[in-house]
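>>> Starting from these lines, generate the structure:
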Amino acid sequence: MGERTGQRFGGYTVGAHIADGSMGAVYEAYHDETGERVAIKVLHPRVARDAIAAERFRREYETAESLRHPYIIDVRDFGETDDGADFMTMEFLEGEELSLILAREGAMRPARAVRIVCQLAMALQHAHSDGVVHRDLKPDNVFICDGPNGDEIRVLDFGSVKLQLGTGPKLTVLGTILGSPYYMSPEQAMGKLDVDPRSDVFAQTSIMYELATGEIAFAADTIPDILTKIIGEEPPPVSIANPAYPLSFEEVIRKGLRKDKLGRFGSSLELAEAMLGAFGLHRDVQRWAGTPVNMIETAIDEAPKPLAMGPPSPPPFTSSVPPELPTRKHRGAKLAIGFILAGALFLGAWLLLRS
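Model (predicted):
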């Protein structure tokens, strides 16, 4: 669909059609005065007439515009087309969604996953510190750009955010929730209202699981089955799908996917730090977020391997059979040996005295 190609609005000239989504279409565009190349997202006409969808779109812009972080999509302008559809312009990104990379390549080697997770943790920590919970974090909303030192991410689509600071109406968009259930936290799956940064931690951990295994942690054919798994089941161990990840990484995944959010890591940064520790790396998330993948790979190879916290060692074996008492035969043999040793000592002393 490229019906807006060639149109001009908001000081931009719309170019080639890039992608389509459920809410709008994305085009390449150029600013008429500066010539800046941007991506422009325009609501579909039917969506633009939906007040809730239009508010969600505006919320996405306002939230991203307020955050301003290297690993969060940078938005430029917000406006309305001549036919009444909202649009916003964003930095033009060269790359693809993480979901497409996972679908094509499967599991990632640990070093690449470490770099991506550290960047994701920094973006989420920045949003959380500003009172913003993403609520719809998934590989589709993590865009991977090709930077000079490797992957550089941008977190997209803050339209499902809940502003914890209480500014503006709280939006719950049924279509959004039902469209991406795989990464929902148990509290979201149960319809609870106490969603906080630890819900994003659950989704972040689910993405980590997929980076390591190439498989969705809670996959099923229907939405009820997916939600049932999220609420009451555990995913298969990472080590079964990819032994390149240590057992200590498995422990991090288990804690990040705890059903009770109080048992999870307290923040996205804490989760990333635990992941680094699982590989024996220094827990400096910012450092590894910018380190080239080949250097991370070398560091992992050279790092001391942490021991996984397995089950406690069994107690020393003790037999329930009572000790065997010495028999008459055993006592006689011991006496005979004693007499022989005593005789040898006596003979040696007598010979020594004669000399």
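>>> gap between stretch 62-70 and the chain center?
Taking the mean of its C-alpha atoms, stretch 62-70 sits 21 Å from the chain's own mean (CA atoms, centre = their mean, to the nearest Å).
>>> Quick check: buried residues in it?
Across stretch 62-70, burial judged by 16 or more other CB atoms under 10 Å covers 62-65, 67, 69. All C-beta atoms are positioned from the backbone trio N, CA, C, and that covers glycine.
>>> what about the nearest residue to G263 once chain neighbours are set aside, neighbour count?
Nearest residue to G263 in three dimensions, chain neighbours excluded: K255, at 7.0 Å (CB to CB, 6 or more residues apart in numbering). Neighbourhood size, K255 [other CB atoms under 10 Å]: 16.
>>> and which of the buried residues of stretch 62-70 is nearest to T228?
Of all the buried residues of stretch 62-70, T63 has the smallest distance to T228: 31.3 Å, by CB to CB.
>>> Tell me the confidence at that closest one?
T63 is assigned 89 on the pLDDT scale.
>>> Heading C-terminal from the helix or strand bottoming out on mean pLDDT in the chain, find the next helix or strand.
Here the helix or strand of the chain ranked lowest by mean pLDDT, DSSP states H and E is helix 174-179, holding a mean of 40. Downstream of helix 174-179, the next assigned helix or strand under DSSP states H and E is helix 186-189.
>>> What's the separation between the residue nearest to G263 and E270?
Computed as CB to CB, to the nearest Å, the K255 to E270 distance reads 10 Å.
>>> Could you pull out the strands in this protein for me?
Along the chain, the stretches classed as strands by DSSP state E are 8-9, 12-20, 24-31, 37-43, 75-80, 86-91, 95-97, 132-133, 142-147, 150-155, 162-163.
>>> nearest to P237, of the ones you listed?
strand 142-147 (23.9 Å).
>>> Could you list the buried residues of the closest one?
Buried residues in strand 142-147, counting neighbours by 16+ other CB under 10 Å, are found at 142-144.
>>> same thing with stretch 191-206?
Buried-residue list, stretch 191-206, by 16+ other CB under 10 Å: 195, 197-206.
>>> Next: stretch 283-298.
Those would be 285, 288-289, 291, 293, 296-297, for stretch 283-298 by 16+ other CB under 10 Å.
>>> a markdown table please, covering those residues and showing pLDDT.
A markdown table is the format used below for the buried residues of stretch 283-298 (pLDDT from 0 to 100):
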| residue | pLDDT |
| --- | --- |
| V285 | 98 |
| W288 | 98 |
| A289 | 98 |
| T291 | 97 |
| V293 | 96 |
| I296 | 97 |
| E297 | 97 |
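>>> mind putting those in TSV, distance to G277 included?
Putting these into TSV (distance: CB to CB, whole Å) gives the following:
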residue	distance to G277
V285	11
W288	12
A289	16
T291	16
V293	19
I296	14
E297	17
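>>> From these, which land in helices?
Among the buried residues of stretch 283-298, the members found in helices (DSSP state H) are 285, 288-289, 293, 296-297.
>>> Out of these, which comes closest to D151?
Distance to D151 across those (CB to CB) is lowest for V293, with 7.6 Å.
>>> what's the closest residue to the closest one other than its chain neighbours in contact with, if anything?
Nearest non-adjacent residue to V293, counting by CB to CB, 6+ apart: G150, 4.4 Å away. With contact taken as CB atoms under 8 Å, 6 or more residues apart in numbering, G150 is in contact with 112, 115, 292-293.
>>> go with 7 Å
When contacts are counted by CB atoms under 7 Å, 6 or more residues apart in numbering, G150 touches 115, 292-293.
>>> now those as JSON lines including distance to R135?
Shown next, in JSON lines, are these (distance: CB to CB, whole Å):
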{"residue": "R115", "distance to R135": "25"}
{"residue": "P292", "distance to R135": "32"}
{"residue": "V293", "distance to R135": "30"}
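>>> Read off the pLDDT value for H31.
95.
>>> pLDDT added to the buried residues of strand 142-147, as CSV?
Below are those laid out as CSV (pLDDT from 0 to 100):
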residue, pLDDT
V142, 97
F143, 97
I144, 97
